[in-house]
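[1] Sequence and predicted structure are below.
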Amino acid sequence: MNMENKMKIEIWSDVMCPFCYIGKRNLEKALTQFSDREHIEVIWKSYLLDPNTPETSDKSYAQHLVEYKGMSEQQVDGMLAQLTQTAKQAGLDYDFDKAQLVSSKKAHQVIQMAKTKGLGNQAEEVMFKAFFTEGKNIADKSSLISIGEEIGLSKDEVETALSDNKYAEMMNADIAEARQIGVQGVPFFVFNRKYAVSGAQPPKAFLESLEKAFGEWREDNPAVKLDITQGQSCKPDGTCD
């Protein structure tokens, strides 16, 4: 099958990172304003903000930050209120009272499986929503099965993602690659392996990076213009002439 050559945007992200979901939405807004968006391929890459986060949590998101990050309750409350407001401006509904701060490793393994089926973007979206809006436990197998089914993965495929070491290795390869290119935090967006945008920038900033990177990519990858000699043919709508 002849796959069209597209300019790649690679995004290192963790599904429990509030700015990653905001960044995703702002990039999507930029893409809606970008006339060549059909020539863009978005590739999601795994990143673990805290590999030591447990798979079960008896603490609220706020309590976890107070205990593990050494912040005061007042600081945490202020920060979460600000994040909720920033998310709202991006069109997202965060509920930190419900959010369960648990390990995202299993979620990343499911996303890696989804990527092999061309469902990476959908997997990121439902995983972010599950974590920040719906308060689901993204380390819980039954939760992950229902999240997987929501995007078209079967129960067996989700179970394979969790049991087959291949998907953990794919996650670790992304993390190793992040270290190699110098990613210090997420979200981290790489356009055509030439330009990087760190953090959840506004749509306008993404659009500027997109246009700059794509202009250069297009010079190296000119559009195919065919000189067509017309003859009798059949079209997808069933008409033949």
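    Structure received.

[2] Quick one: the helices in this structure, in order.
    Listed in chain order, the helices of the chain (DSSP state H) span 18-32, 61-69, 73-89, 105-116, 120-132, 141-151, 155-163, 165-181, 203-220.

[3] ranking the ones you listed by mean pLDDT, which is last?
    If you rank these by mean pLDDT, helix 61-69 sits at the bottom with a mean of 88.

[4] angle of it against helix 73-89?
    When axes from the mean of the first three to the mean of the last three C-alpha atoms, to 10 degrees is applied, the directions of helix 61-69 and helix 73-89 differ by 130 degrees.

[5] what's the neighbour count on the closest residue to Gly152 other than its chain neighbours?
    With C-beta to C-beta, 6 or more residues apart in numbering as the criterion, Gly152 has its nearest non-adjacent residue at 6.2 Å, and that residue is Leu119. Any C-beta I mention is one placed from the backbone N, CA and C, and that applies to glycine too. For Leu119, the count of nearby residues is 18 (other C-beta atoms under 10 Å).

[6] How confident was the prediction at Leu119?
    Note on Leu119: pLDDT of 97.

[7] dump the residue contacts of it.
    Going by C-beta atoms under 8 Å, 6 or more residues apart in numbering, Leu119 touches Ile151, Gly152, Leu153.

[8] which of the residues you listed are buried?
    Ile151, Leu153 (16 or more other C-beta atoms under 10 Å).

[9] which one of the contacts of Leu119 is nearest Tyr68?
    Taking C-beta to C-beta as the measure, Tyr68 sits nearest to Ile151 out of these, at 31.0 Å.

[10] can I assume the closest one is in contact with Gly120?
    No: between Ile151 and Gly120 there is no contact under C-beta atoms under 8 Å: 9.7 Å.
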